[in-house]
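**Student:** Quick one, what's the 3D model for this:
(one chain, ligands or ions: 1)
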Amino acid sequence: MRDLTSSFLELIRLAATDLPAEVEHSLQTAQAREAPGSAAAGALETILENVPLARQNSTPVCQDTGTPIFYVKFPEGWSTRKLRDQIRQATAQATALSYLRPNAVDSVSGKNSGNNLGDDYFPTIHFEETEEQTLTADLMLKGGGCENVGAQVSLPNAQLGAGRDLGGVRKVVLDAVHKAQGKGCAPGILGVAIGGDRGSSYYASKEALFRPLQDTNPDPKLAALEEQLTDEANQLAIGPMGFGGETTVLGVKVKSMHRLPASFFVSVSYMCWAYRHRSMVVDGADVTYI
Ligand code: SF4
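**Tutor:** Predicted coordinates:
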């Protein structure tokens, strides 16, 4: 089986240091909306000054390089054991090259492993065999501050006055954004999952974040909900880094899943402005980065 270690290393370098153009563009649009001279405009200006410097110097876009979360879709015949080894080797190399900050801390001893390798869950790697002939690896670097302000609620929820419908989902999402204030490093992008069990619901909420920022949900009801949530979250006036202003979120992506009759989970994964994600497609001898 082909050794993709150096390709995974490049995927990590790009994710950590080269913010996707659509995110940068969205931040530029947000800055243009803010009042000139305001704290919000200043925060976005600082962010936008740093983005090209990070790209040019191959240095991290943010000092917290987050949890590396890989989603690998592979054709029949590949070994997930070998792919996992290659991803882990690439992760350690990326840490040695300072593309990643050493972030893997033993939860009992408090000791940092120093190379971003922890147990089987760090880095997080999801595998799925597909019928495609190409291998696709999506990587997201999920910052700790924004992960801390994610939320999961079992509906109905009396405190929020939220029932088991899209109106209830709306209340959960807006409550999560309100509670986060600036702590998630706004402006954020929200991945929302409706349904599933607790585990699959959080998983799907992160998967939803891989959708392009400007796309439209194919389900008209969810598309309308995404638009409404984006507008209403921005009316909360939390603003960039919590400084107040027009832009609290850059977008909302909602995924609906089947659920047990007894359960109705809503999971919100909050992604900070440093929405670092990249994809790699391996087609025969060719490797393409998106
Ligand atoms: S939440 Fe995001 S922007 Fe904030 S410190 Fe962490 S990685 Fe950086």
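
**Student:** can you list the residues of the stretch 1-150 of the chain near the ligand?
**Tutor:** Residues of the stretch 1-150 of the chain found near the ligand (C-beta under 6 Å from any ligand atom) are 62, 64, 66, 143-146. For every residue, glycine as well, the C-beta is placed using N, CA and C.

**Student:** any idea which helix or strand comes after the longest helix along the chain?
**Tutor:** Longest helix of the chain, by residue count under DSSP state H: helix 39-57. Per DSSP states H and E, the first helix or strand lying C-terminal to helix 39-57 is strand 67-75.

**Student:** So what touches stretch 101-114?
**Tutor:** Stretch 101-114 has contacts (C-beta atoms under 8 Å, 6 or more residues apart in numbering) with 60, 63-67, 95, 115-118, 122, 144.

**Student:** State which one residue of the stretch 51-200 of the chain is found closest to the ligand.
**Tutor:** The nearest approach of the stretch 51-200 of the chain to the ligand comes at residue 143, 2.4 Å away (C-beta to the nearest ligand atom).

**Student:** Could you count how many residues lie near that residue?
**Tutor:** When neighbours are defined as other C-beta atoms under 10 Å, residue 143 has 25 of them.

**Student:** What of residue 70?
**Tutor:** Residue 70 is flanked by 23 other residues according to other C-beta under 10 Å.

**Student:** how close does it sit to residue 210?
**Tutor:** Residue 70 sits at a distance of 12 Å from residue 210 (criterion: C-beta to C-beta, to the nearest Å).

**Student:** Identify the residues contacting the nearest residue to residue 192 once chain neighbours are set aside.
**Tutor:** Nearest non-adjacent residue to residue 192, counting by C-beta to C-beta, 6 or more residues apart in numbering: residue 254, 4.5 Å away. For residue 254, the contact set (C-beta under 8 Å, 6+ apart) comprises 169, 192-194, 208, 217, 222, 225-226, 229.

**Student:** can we see that at 6 Å?
**Tutor:** Going by C-beta atoms under 6 Å, 6 or more residues apart in numbering, residue 254 touches 192, 222, 225-226.

**Student:** Which of these sits closest to residue 165?
**Tutor:** Closest approach to residue 165 among these (C-beta to C-beta): residue 225, at 10.8 Å.
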